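**Q** Got a predicted model here, sequence first, then my questions.
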Amino acid sequence: MPDMFEIYQNHADRYHELVIAEDFQNNLGSLLSTLVDWDDLSVLEAGVGTGRVTQLYIDAVAAAVCCDRSQHMLDFAQRLLDDHSSKLTFRLTDNTNFPDFGRSFDLFIEGWSFGHSIMACADKAEVLKMANLLLTNARKNLAHGSPLIIIETMGTNTDEPAPPQDKLAFFYDSLSEKHDFTPHVIQTDYRFKTNKEAAEVMGFFFGDKMKQSIVDRGTTIIPEWTGVWIKRV
């Protein structure tokens, strides 16, 4: 079974099977629409993946620059979002080496990508340095007073929301306590046609332990929790 980084580089189609089953109640889309008036904004999105978050706002905005460190993912997103091609620009770039685009955007958003950089840190001191780097990279491309939105996991296949890893918990705390972000926690449950499909699709991304846990759960709806942090910078 491939690890998640191999999936991002080579298995966009299998990854998209996962994310199209996620948040079947559209709680993320509903929250984002209450947090921000998206009409005619210029958006900078990091970690775009296959375009799952982009689809939530693209109808309303004026334009978006979509970034990812995987060309494989960008190619998939470009095909998926082809109907909106006049609004979209795709850039191959890593969150830790984010360019200065030479312009100011009205909003920055990332979904489930900052967390990978955080989890690669060795200790809490490195987590703080990484958080500062990621946020600095986001801010330098934003107009004054613009929203910066961070979307990250609060647990998958769990019945209560909680950061699934200590370094993520420390990062989330720092967003609220050190960087003055306002946190929100929502359910983004997955829904599949069968429990077998749920186990296969989620097991491919999360691993054999998750696959067996979903089999044991025996349901077609798999609980998930997502944190959304927002700040105007």
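**A** Here it is on my side, so go on. Numbers count the residues shown, from 1 in each chain.
**Q** tell me the SS of residue 148?
**A** Secondary structure state of residue 148, per DSSP: H, G, I helix; E, B strand; the rest coil, is strand.
**Q** So what's the residue count around it?
**A** 21 (other Cβ atoms under 10 Å). C-beta here means a position set from N, CA and C on the backbone, and glycine is covered the same way.
**Q** confidence score at it?
**A** For residue 148, the pLDDT comes out at 98.
**Q** Also the one 4 residues further on?
**A** pLDDT for residue 152: 98.
**Q** Not counting its own residues, what contacts the one helix or strand residue 115 maps to?
**A** Residue 115 is part of helix 114-119 when elements are defined by DSSP states H and E. Residues outside helix 114-119 that contact it (Cβ atoms under 8 Å, 6 or more residues apart in numbering) are 4, 46-47, 95-96, 127, 130-131, 134, 150, 152-153, 165, 167-168, 171.
**Q** Check stretch 204-213 too.
**A** With Cβ under 8 Å, 6+ apart as the test, stretch 204-213 has contacts from 1-2, 4, 7, 11, 14-15, 18, 156-157, 199-200, 202-203.
**Q** hmm, 7 Å instead?
**A** Contact partners of stretch 204-213, identified using Cβ atoms under 7 Å, 6 or more residues apart in numbering, comprise 1, 4, 7, 14, 15, 18, 156, 157, 199, 202, 203.
**Q** Among those, which lie within helices?
**A** Using DSSP state H, 4, 7, 14, 15, 18, 199, 202, 203 are the members of the contacts of stretch 204-213 that sit in helices.
**Q** Check the gap between the last one and residue 209 for me.
**A** Distance, residue 203 to residue 209, using Cβ to Cβ, to the nearest Å: 9 Å.
**Q** before we move on, back to that, out of the contacts of helix 114-119, who's nearest residue 231?
**A** For those, the minimum distance to residue 231 (Cβ to Cβ) is 8.6 Å, reached by residue 150.
**Q** just to revisit the earlier point, any of the contacts of helix 114-119 buried? List them.
**A** If you count burial by 16 or more other Cβ atoms under 10 Å, the buried members of those come out as 46-47, 95, 127, 130-131, 134, 150, 152-153, 167-168, 171.
**Q** May I ask which two of these are separated the most?
**A** The span of these, defined through Cβ to Cβ, is set by 46 and 167 at 19.0 Å.
**Q** Hmm, which of the ones in helices among the contacts of stretch 204-213 is lowest in pLDDT?
**A** When the ones in helices among the contacts of stretch 204-213 are sorted by pLDDT, the bottom entry is residue 4 at 70.
**Q** Show me the beta-bridge partners of residue 63.
**A** residue 42 (DSSP bridges).
**Q** Neighbours of it, how many?
**A** 17.
**Q** Residue 16 now?
**A** Residue 16: 18 surrounding residues under other Cβ under 10 Å.
**Q** ok, it touching residue 51?
**A** No: Residue 16 is beyond contact range of residue 51, at 8.6 Å (criterion: Cβ atoms under 7 Å).
**Q** where exactly do the strands run in the chain?
**A** 42-46, 63-68, 88-92, 107-111, 147-156, 182-187, 190-191, 221-222, 224-232 (DSSP state E).
**Q** what helices or strands is the helix or strand of the chain with the lowest mean pLDDT leaning on?
**A** Of all helical and strand segments in the chain, the minimum by mean pLDDT, DSSP states H and E falls on helix 4-10, at a mean of 81. Contacts defined by 3 or more Cβ pairs under 7 Å, 6 or more residues apart in numbering; DSSP states H and E place helix 4-10 against helix 71-80.
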